[in-house]
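**Student:** Pasting a predicted model and its sequence here:
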Amino acid sequence: MKNEYRGECDEGPMEAMTFAQKVLSRASGREAFPGEIVSAKIDLAMSHENAALVLRAFNEMGAKEVWDPERVVLLFDHRVPANTIKAAEGHQAVRAFVRTEGLPHFYDLREGICHQVLPEKGHVLPGMLIVGTDSHTTTYGALGALSTGIGATEMAAVWATGELWMKVPRTFRFHLTGRLDGPVVAKDVILHLIGMMGADGCDYRCVEFVGPVVDAMSISGRMTMCNMSMEMGAKAGVAFPDQRTRDYLKGRTAKEWGPVLSDPEAEVEKEIDLDLTGLAPQVAYPHSVDHVKPVEEMTGIPVDQAVIGSCTNGRAEDLLAAERVLHGRKVPDSVRLIVVPASREVYLWALESGVMASLVRSGAVVTNPGCGPCLGAHQGLLAPGERCIATTNRNFRGRMGSPESEVYLASPATVAASALKGQIADPREAIG
């Protein structure tokens, strides 16, 4: 059986093309070349609470119905349970729309963060073209999809027509070699790359992550890489499917799929070769994600709050990494340690495995699965002068509360070690 997502257009197989070209050629039904604009058919469209804004634009343009209810996924994750009357009204409007349209893929406040839930529920497959009204939709590249964030008005057009004009991105390829030692993980790698490239260093590029370091990463680690690829300006990030991908998708979907890969001879705009042997844990300091330094240059800075969670690092292996640092130890009363599981599936695993109980004994406050304090909506806002170290993906001024507060970004192990000491700390020392 021919696979829907194998990267072939109506005219047959294409040669010497990048991953982005192949996906957009298949989606547009013709050969697509970097820099040109194509009208692409969307495989999956995702919105969270901002579906209320999409709905408003959808109604204003006079649209009568969603083009394909099976290809739309809606959920609530940013402000759950509703933290304001306005948020509650938005939830109410979207729930009514879901009932009216008969949308089968709606996850209310129970399930968790969109970028964790969609892969868990089997909505994401290699080679798909996915758009979402959230900038970190790039996360789905971890499963070999071409996925990117769009605006509410653009999404309204997608709901109505199933198509969107898209510029075919050029490709940057990061070939990552060497070995990650000790507590150094994907979060440290992507922070290092963002620090090296700058916040706009990959503007509107499809970033390919390849090489032995990526091959050794779990799907969770690849999700972290692709999630934060947009923090260096990328239109999309991708790690190509392998056995780990097959293992992850097994039992999550019954649909057939095949990997879409860049051809070896395809032209890419830039190739960056990096040996990551000896890479230290990394920390991004205020107020930009590309302000990155090795942790040893940041140790000793006092922190008031530590957050472990978000669509970037709220998965099982992230909570486990933090628990390994904290196990049998107590966080001082001067530090508020907040743990936010990325999904109900992750939350249940942490409960059943004993990881969550251990974190609570160490002093963690656990919130329901969702975005929580990451976007500064609720569940952990900062007061003026306070500092937070977090596993989240952004540290812009005012991101987590007061514009006079500071947010530092790091891996789960680094955040846990810092919570223990009440100041930014090297997890290599905490572990042993």
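**Tutor:** Cool, the structure landed.
**Student:** For the helix of greatest length in the chain, list every residue counted as buried.
**Tutor:** If you go by DSSP state H, the chain has its longest helix at helix 85-101. Judged by neighbour count (16 or more other Cβ atoms under 10 Å), helix 85-101 contains these buried residues: 87, 90, 91, 94, 97, 98, 101. From N, CA and C alone the C-beta is placed, and that goes for glycine too.
**Student:** other SSEs contacting that helix?
**Tutor:** helix 51-60 (3 or more Cβ pairs under 8 Å, 6 or more residues apart in numbering; DSSP states H and E).
**Student:** Now do the helix it packs on against helix 85-101, angle only.
**Tutor:** Here helix 51-60 points in a direction 60 degrees away from that of helix 85-101 (axes from the mean of the first three to the mean of the last three Cα atoms, to 10 degrees).
**Student:** how far does helix 51-60 sit from the chain's center?
**Tutor:** Taking Cα atoms, centre = their mean, to the nearest Å, one finds the center of helix 51-60 at 24 Å from the center of the full chain.
**Student:** From the contact count, pick out the helices and strands touching the following helix or strand past it.
**Tutor:** The first helix or strand that comes after helix 51-60 along the chain, using DSSP states H and E, is strand 72-75. Secondary-structure packing of strand 72-75 (3+ Cβ pairs under 8 Å, 6+ apart): strand 44-47, strand 106-107, helix 114-120.
**Student:** Out of these, the one nearest residue 352 is which?
**Tutor:** For the helices and strands packed on strand 72-75, the distance to residue 352 is smallest for helix 114-120, at 15.9 Å, taking Cβ to Cβ.
**Student:** neighbouring contacts of the closest one?
**Tutor:** With Cβ atoms under 8 Å, 6 or more residues apart in numbering as the test, helix 114-120 has contacts from 44, 46, 48, 73, 75, 77, 107, 111, 124, 132, 134, 136-137, 139-140, 142-143, 219, 223, 227, 248, 252, 311, 314-315, 342-343, 345-346.
**Student:** So which of these are in strands?
**Tutor:** Among the contacts of helix 114-120, the members found in strands (DSSP state E) are 44, 46, 73, 75, 107, 132.
**Student:** Write the PyMOL selection for whichever of those are buried.
**Tutor:** One line in PyMOL is enough to select the buried members of the ones in strands among the contacts of helix 114-120, burial here meaning 16+ other Cβ under 10 Å:
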select buried, resi 44+46+73+75+107+132
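**Student:** now the ones in strands among the contacts of helix 114-120 as a markdown table including distance to residue 299 and pLDDT?
**Tutor:** Output for those, formatted as a markdown table (distance: Cβ to Cβ, whole Å; pLDDT from 0 to 100):
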| residue | distance to residue 299 | pLDDT |
| --- | --- | --- |
| 44 | 43 | 98 |
| 46 | 39 | 97 |
| 73 | 42 | 97 |
| 75 | 39 | 96 |
| 107 | 40 | 96 |
| 132 | 37 | 97 |
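**Student:** Tell me which residue is most central in the protein.
**Tutor:** What sits nearest the mean C-alpha location of the chain, by Cα atoms, centre = their mean, is residue 227, with 3.2 Å.
**Student:** shouldn't that residue be in contact with residue 315?
**Tutor:** No - Residue 227 is not in contact with residue 315 according to Cβ atoms under 8 Å; the separation is 10.7 Å.
**Student:** Strands along the stretch 151-300 of the chain, start to end?
**Tutor:** Applying DSSP state E, counting those that start in this stretch to the stretch 151-300 of the chain gives strands spanning 163-167, 170-177, 205-210, 236-239, 270-275, 282-284, 292-294.
**Student:** domain assignment for this protein?
**Tutor:** 19-274, 283-431 (automatic domain parsing).
**Student:** Figure out how far the lowest-mean-pLDDT helix or strand in the chain is from the centre of its chain.
**Tutor:** Counting by mean pLDDT, DSSP states H and E, the weakest-scoring helix or strand in the chain turns out to be helix 427-431, with a mean of 90. Relative to the centre of its chain, helix 427-431 is centred 26 Å away, using Cα atoms, centre = their mean.
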